[in-house]
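Asker: Everything below, folded, please.
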Amino acid sequence: MRKRLPAIALLAVLALVAAACGGDDADADTTTTTAADGTTQATTTTMADEGGQLVMASILPLTGDLAAFGPAMENAVRLAVNEANAAGGVNGEQIAYLALDSGTAEQIAQDAANDAIAQGTAGVVGAAGSGISLSIIDLLVQSEVVQVSPSNTSAQFTTLADDGWYFRTAPSDALQGAFTAQLVEDSGASNVAVIYRQDSYGQGLFEAFEAAFGGTVVANAPYAPEAPDYDAEVTVLAQADPDAVVCICFPATGALIHNAAFEQGLLDLPWFYTDGMLDPTFPETAFPTDPSIVAGFQGTAPASPTGDAIEAFTANFEAEYGVEFTLFAPQSYDAAWLIILAAEMGDASGTSIRDNMAAASAGGQKCIGAGCLELAKSGTDFDYVGASGEIDFDSVGDPGTALYQIWQYTQDGDTEQVSTVGG
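Answerer: Here you go, the predicted structure:
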């Protein structure tokens, strides 16, 4: 049975109060969602007492190249916080939650990290992109803030020296690269051209794909995410005369790449993708008059197994927000819950959360969501089963299991799951 550490009183009262608050509201904790332009998108307020309060934040892409995914990821974090607060919060206190925008630019993310640190945050969900996480990890480690990314897949994090402060609920690119290579081989393609983001995500996945692919990579074209167009990079692919193209891209830049590929006749070939392109709005964004242009093109992405955890998350998310969730929302929900549970097992400080993360993800009685919080409050050994599956953090903070889906774009410009692999 796990023993709860005694609660340690905070040395100062944490104030997350907007400037407009005053009078008797001066002791209120505000939960805000702030975009990179400084606009506040949503605000809720709860009253909190001094001492023992968990302050957590999300640093996710509400703007930028991953804005197709960020809002649902943030909503998933907020859902976990709301469920925990409805169940009594952590250590008898309501959780204070700050939602910040990382964009897909290092400076925006670093500003958000510094804001979170200044607010006394002990645990952060984020960032989404591997390169963005690398730009803030040192800031968070130096300030003893636990970082749990729901979508970093770069293999670089497995060997990164972070003194145990970094975790992720998404599996490594080393696995996805192999599954993507198998998908391409199964299609019959043997000579492929690859275009990939010139960052840790793109480079890592390209290397994993190339190492696992049984055919020949006849051309590769890294691209700068900030470039205005990608005509030159697509020309490199076309000149290699491949029989398929692999695009390790994000949706906004992916649209520009596909526009160039259409102009050069390269979309007559089959295209393959990784998780960054699993966006149901992408086909219409790239080709508003005919989103079916990309129909049948396939990719790989992390998936959730069937079971009570994903069913409950799906129902609760749709009931709360009125829409279906997008990629990495389940992993975001799990990241938030694991921070919450680790805080309940200790004193809600960064160090205590770090030291309890692995134990919260594996071990005793299997449970989901608020059911785990009840067990933690009673001191019962528990095993959190996530919406994204069993987490079971290993010694370096990676999840111990990995399930992937094969997905494709449909004729009507949507996405659908074809099958699953791994697990």
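Asker: need the strands for the stretch 201-350 of the chain, in chain order.
Answerer: Applying DSSP state E, counting those that start in this stretch to the stretch 201-350 of the chain gives strands spanning 216-223, 244-248, 271-273, 298-302.
Asker: Now do the buried residues in the first one.
Answerer: In terms of neighbour count (16 or more other CB atoms under 10 Å), strand 216-223 has its buried residues at 217, 218, 219, 220, 221, 223. Where you see a C-beta, it was placed from the backbone N, CA and C, and this is true even at glycine.
Asker: so the second one touches residue 194, yeah?
Answerer: No: the pair residue 218 and residue 194 fails to qualify as a contact (CB atoms under 8 Å) at a distance of 9.2 Å.
Asker: picking up where we left off before, can you lay out the strands of the stretch 201-350 of the chain as CSV showing distance to residue 407 and mean pLDDT?
Answerer: As requested, the strands of the stretch 201-350 of the chain are exported to CSV (distance: least, CB to CB, whole Å; pLDDT from 0 to 100):
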stretch, distance to residue 407, mean pLDDT
strand 216-223, 23, 98
strand 244-248, 14, 98
strand 271-273, 8, 98
strand 298-302, 6, 96
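Asker: among these, which is nearest residue 256?
Answerer: Smallest distance to residue 256 across the strands of the stretch 201-350 of the chain (CB to CB): 9.3 Å, for strand 216-223.
Asker: Need the residues that contact that closest one.
Answerer: Outside strand 216-223, the residues that touch it by CB atoms under 8 Å, 6 or more residues apart in numbering are 190-198, 202-203, 206, 210, 230, 233-234, 236-237, 239-242, 253, 257.
Asker: which of those residues are buried?
Answerer: Taking 16+ other CB under 10 Å as the criterion, what is buried in the contacts of strand 216-223 is 192-198, 202-203, 206, 210, 230, 233-234, 237, 240, 242, 253, 257.
Asker: So which of those residues are in helices?
Answerer: 202, 203, 206, 210, 233, 234, 237, 253, 257 (DSSP state H).
Asker: Is the closest residue to the fourth one other than its chain neighbours bridged to anything, and to what?
Answerer: Think residue 210. Closest residue in space to residue 210, ignoring its immediate chain neighbours: residue 217 at 5.4 Å, by CB to CB, 6 or more residues apart in numbering. Using DSSP bridges, the beta-bridge partners of residue 217 come out as residue 192.
Asker: In contact with residue 153, which residues?
Answerer: Contact analysis of residue 153 by CB under 8 Å, 6+ apart lists 130, 170, 171, 172, 173, 176, 201, 204, 205, 275, 302.
Asker: pLDDT value on it, please?
Answerer: Residue 153 carries a pLDDT value of 91.
Asker: which residues of the stretch 301-423 of the chain score low on pLDDT?
Answerer: Of all residues in the stretch 301-423 of the chain, none has pLDDT under 70.
Asker: picking up where we left off before, grab the two from the buried residues of strand 216-223 that are most spread out in space.
Answerer: Those two in those that are separated most widely, counting by CB to CB, are 218 and 223, at 17.3 Å.
Asker: Name the residues of stretch 350-360 that are buried.
Answerer: For stretch 350-360, the neighbour count (16+ other CB under 10 Å) marks 350, 352, 353, 354, 355, 356, 357, 358, 359, 360 as buried.
Asker: Which of the residues you listed sits closest to residue 294?
Answerer: Distance to residue 294 across the buried residues of stretch 350-360 (CB to CB) is lowest for residue 357, with 39.3 Å.
Asker: out of everything not next to it in sequence, what's closest to that closest one?
Answerer: Excluding the flanking residues, the one nearest residue 357 by CB to CB, 6+ apart is residue 342, at 4.8 Å.
Asker: Next, the contact list for that neighbour, please.
Answerer: Contacts of residue 342 (CB under 8 Å, 6+ apart): 123, 146, 352, 353, 354, 355, 356, 357, 359, 360.
Asker: Apply 6 Å and report the result again.
Answerer: Under the criterion of CB atoms under 6 Å, 6 or more residues apart in numbering, the neighbours of residue 342 are 353, 356, 357, 360.
Asker: per-domain residue ranges of this structure.
Answerer: Listed domain ranges for the chain are 23-171+306-399, 173-304+404-422 (source: automatic domain parsing).
Asker: Out of those, which one sits most buried?
Answerer: Highest mean neighbour count of these: domain 23-171+306-399, a mean of 21 (counted as mean count of other CB atoms under 10 Å).
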